[in-house]
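The following comprises the amino acid sequence and a computationally predicted model.
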Amino acid sequence: MTKKQFILELEKIGAIKFGKFTLKSGIISPFYIDLRDMISYPEMLDNVADFLVRRIKKMEFDVITGIPYTALPIASLVASKMKKPLIYMRKEEKAYGTGKKIIGKFKEKDKCLVIDDLITTGESKIETAEAMEKEGIVVQDFVVVIDRSANGKEQLKNAGYNLHSIMTLDKMLDTLYDNYSITRCQKDEVIEFTKSLLKKDDPSKIDYSINPLTKKLLNLIKKKKSNLILSLDVEKQDEFFKILDKVGPEIVMLKTHVDILEDYDEKFVPRLKEYAKKFDFIIFEDRKFADIGNTVRMQYRSGIYKISDWSECVTVHMVAGEGILKGLFDGLEGRSSFVLARMSSKGNLINEAYSRKCFDIARKNRKVVSGFIGHGKDVEDIRKFKAKFPPGLLLLMPGVKLEKGSDAMGQQYITVEEAIQGGADCIIVGRGIYGQKDPGEVAKIYRERAWKEYEKRERKR
Ligand code: S5P
């Protein structure tokens, strides 16, 4: 079978379709490619494996993998044809047994060639490579059957990987067009659509006016020369305001957990607002909403605290899905959120796929999402995490102290410098400041150390 015949065959079995398709992200696409069913056509499967063998024959690698599920049967056939060992990574986390992430035999530093069916943006390829690298495997080359991306090759190159493909989208469209399977109009529509996906994330096109809170925070950072958020987790109002008096000049945001206060009363909010005005900071209730839209709507607006009246932004867990944002913000103006895309606590259950879904939802809801709460084990880890953010969304980082360390209940700390170098726009500090003898003085140190690093980073950009 030639490549041309293979493409025509793909269309015949319904693996390529033209029309209107809603993608996972909610975007409507004029075409759709899905190679999953190819395994039921032995001749096609055999052919695709032969194409791959020809493409990779001269490459150097020790083991082969296919990204589950679609590419795994393809990769096993390729591995068998090439007499190379096959390994694969579990798609789901295993909660019992050995907990082994990679199935198959490999040695530390083995070079693994990764096969996949498609590439759309490159994001998930980079995640796979990073996950394999964590297990001691070296990844350099990806081979896909169809490159349907606008800039996947570039994306991977920037992350340090090579992309090879059996065929590109252009080649596929040309073949189908030449064979009268699609019209010129359909072909152009697909090309336009693929290009338009790129434009969406162009950083020079970020419009901050869509989210006034993001704009306000960025202005405050510049004006106060501060990236510091105080997390004032104390139980008495007296102590709360005593500390705030000292730390107020150093911060751009005050993060509260209002339900910690033992003596909360109707005087608290007006006083807090006075302080916010006097010291010019944003009030940020770290409520971590996580329920269905209807429930969070009430939790946010009603009850004793009526959070939406006074807190300019709140934290949100995206576990209940996108509806939570509707519940929280529909009908309200000038309010925004930070989504927990990673946590600082040891053993937390957030994984890469979950973080990515948070990014996707935020990308579609910039009006009410200003950015993410996130953490990382070191500068490199945070950099990779931040590189996946939709442009213009900010990273606030808790779990920060002057020195690395941890507490007795699983909190993990990295240093101010690591956080900012990695890409944090603000650091969130609690006990590192309010637990000290002179919170004002210590806050100043945090602010200065963060600002110094931030200026260095921004100059380099
Ligand atoms: O992953 C997280 C997310 C948040 S918002 N880890 C965190 O520690 N936080 C919050 O940041 C936490 O609820 C607390 O209010 C603050 C960190 O406090 P510290 O005393 O450990 O600095």
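Yep, that arrived. Because the structure is a prediction, the values reported are computed rather than measured.

what about the strands in the stretch 151-300 of the chain?
In the stretch 151-300 of the chain, the strands defined using DSSP state E, counting those that start in this stretch lie at 162-168, 228-231, 253-256, 282-289.

Take those and write them to a markdown table, including mean neighbour count, mean pLDDT and distance to K364.
All C-beta spots, glycine's among them, are computed from the backbone N, C-alpha and C. A markdown table is the format used below for these (neighbours: other Cβ atoms under 10 Å; pLDDT from 0 to 100; distance: least, Cβ to Cβ, whole Å):
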| stretch | mean neighbour count | mean pLDDT | distance to K364 |
| --- | --- | --- | --- |
| strand 162-168 | 17 | 96 | 27 |
| strand 228-231 | 26 | 98 | 26 |
| strand 253-256 | 25 | 98 | 25 |
| strand 282-289 | 21 | 98 | 18 |
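
could the ones you listed go into JSON lines alongside distance to D265?
Listed next are the strands of the stretch 151-300 of the chain as JSON lines, based on distance: least, Cβ to Cβ, whole Å:
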{"stretch": "strand 162-168", "distance to D265": "61"}
{"stretch": "strand 228-231", "distance to D265": "22"}
{"stretch": "strand 253-256", "distance to D265": "15"}
{"stretch": "strand 282-289", "distance to D265": "17"}
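
For K83, find the nearest of those strands.
K83 lies closest, by Cβ to Cβ, to one member of the strands of the stretch 151-300 of the chain: strand 162-168, at 20.2 Å.

Just want the residue of the stretch 351-461 of the chain that's nearest the ligand.
G430 (2.6 Å; Cβ to the nearest ligand atom).

Can you name the residues that contact the closest residue to that residue other than its chain neighbours?
Leaving aside its sequence neighbours, G430 sits nearest to S231 (Cβ to Cβ, 6 or more residues apart in numbering; 3.7 Å). Residues in contact with S231 (Cβ atoms under 8 Å, 6 or more residues apart in numbering) are 255, 257, 286, 398, 428-430, 434.

Pull up the gap between S231 and the ligand, please.
S231 sits 4 Å away from the ligand, going by Cβ to the nearest ligand atom, to the nearest Å.

got it, and K111?
Going from K111 to the ligand by Cβ to the nearest ligand atom gives 35 Å.

Count the residues that sit near that residue.
15 (other Cβ atoms under 10 Å).

Same question for E133.
Counted by other Cβ under 10 Å, the residues lying close to E133 total 12.

Helix, strand, or coil at the nearest residue to it once chain neighbours are set aside?
Nearest residue to E133, sequence neighbours excluded (Cβ to Cβ, 6+ apart): V139, at 6.3 Å. What DSSP: H, G, I helix; E, B strand; the rest coil gives for V139 is strand.

Make 37 the starting number, not 1.
Sounds good: first residue 37 from here, last item V175.

domains of this protein?
Listed by automatic domain parsing, the domain ranges of the chain are 39-232, 239-495.

got the end-to-end distance for the shortest one?
Right, domain 39-232. Domain 39-232 stretches 28 Å from its first residue to its last (Cα to Cα, to the nearest Å).

which stretches of the stretch 287-436 of the chain have low pLDDT?
Scanning the stretch 287-436 of the chain for pLDDT under 70 picks out no residues.

residues from it in reach of the ligand?
293, 322, 351, 379-381, 409, 411, 434-435 (Cβ under 6 Å from any ligand atom).

which of those residues has the most neighbours?
H411 (28 neighbours).

in a helix, that's where that residue is, yeah?
No. Assessed with three-state DSSP, H411 is coil; it does not lie in a helix.

who's in contact with the residue lying closest to it once chain neighbours are set aside?
Spatial nearest neighbour of H411, excluding adjacent residues (Cβ to Cβ, 6+ apart): S380 at 4.0 Å. Contacts here follow Cβ under 8 Å, 6+ apart; on that basis S380 touches 411, 433-435, 447-449.

Quick check on S380: phi, psi?
Backbone torsions of S380, given as degrees, to the nearest 10, read phi -90, psi -10.

re the thing from before, now that the residue of the stretch 387-497 of the chain closest to the ligand has come up, it's in contact with V270, right?
No. Counting by Cβ atoms under 8 Å, G466 stays clear of V270, with 9.4 Å between them.

for I456, what are its contacts?
By Cβ under 8 Å, 6+ apart, the contact list for I456 reads 263, 463, 486, 489-490, 493.

sorry, back to before: quick one: the residue nearest to H411 from R483, how far?
20 Å (Cβ to Cβ, to the nearest Å).

hang on, isn't R399 packed against P426?
Yes. Between R399 and P426 there is a contact under Cβ under 8 Å: 4.1 Å.

Contacts only, for L71.
Contacts of L71 (Cβ under 8 Å, 6+ apart): 46, 51, 106, 153-154, 181-182.

Determine which two of those are furthest apart.
Maximum distance among these (Cβ to Cβ): 13.2 Å, for L46 and T106.

State the pLDDT value of L233.
Per-residue confidence (pLDDT) for L233: 79.

ok, the nearest residue to it once chain neighbours are set aside - how many residues close by?
In space, and not counting its chain neighbours, L233 is closest to A186: 6.1 Å by Cβ to Cβ, 6+ apart. Close neighbours of A186, defined as other Cβ under 10 Å, add up to 19.

Kindly report the same for D177.
Residues near D177, counting by other Cβ under 10 Å: 19.

need the contact list for the residue lying closest to it once chain neighbours are set aside.
Spatial nearest neighbour of D177, excluding adjacent residues (Cβ to Cβ, 6+ apart): N198 at 4.8 Å. Counting by Cβ under 8 Å, 6+ apart, N198 makes contact with 176-178, 192.

what is M125 paired to in the beta sheet?
Taking DSSP bridges, one obtains I138 as the residues bridged to M125.

was I right about it contacting Y105?
No. Between M125 and Y105 there is no contact under Cβ under 8 Å: 11.6 Å.

Mind checking which of these two has more residues around it?
The residue with more neighbours, out of M125 and Y105, is M125; 21 against 12, by other Cβ under 10 Å.
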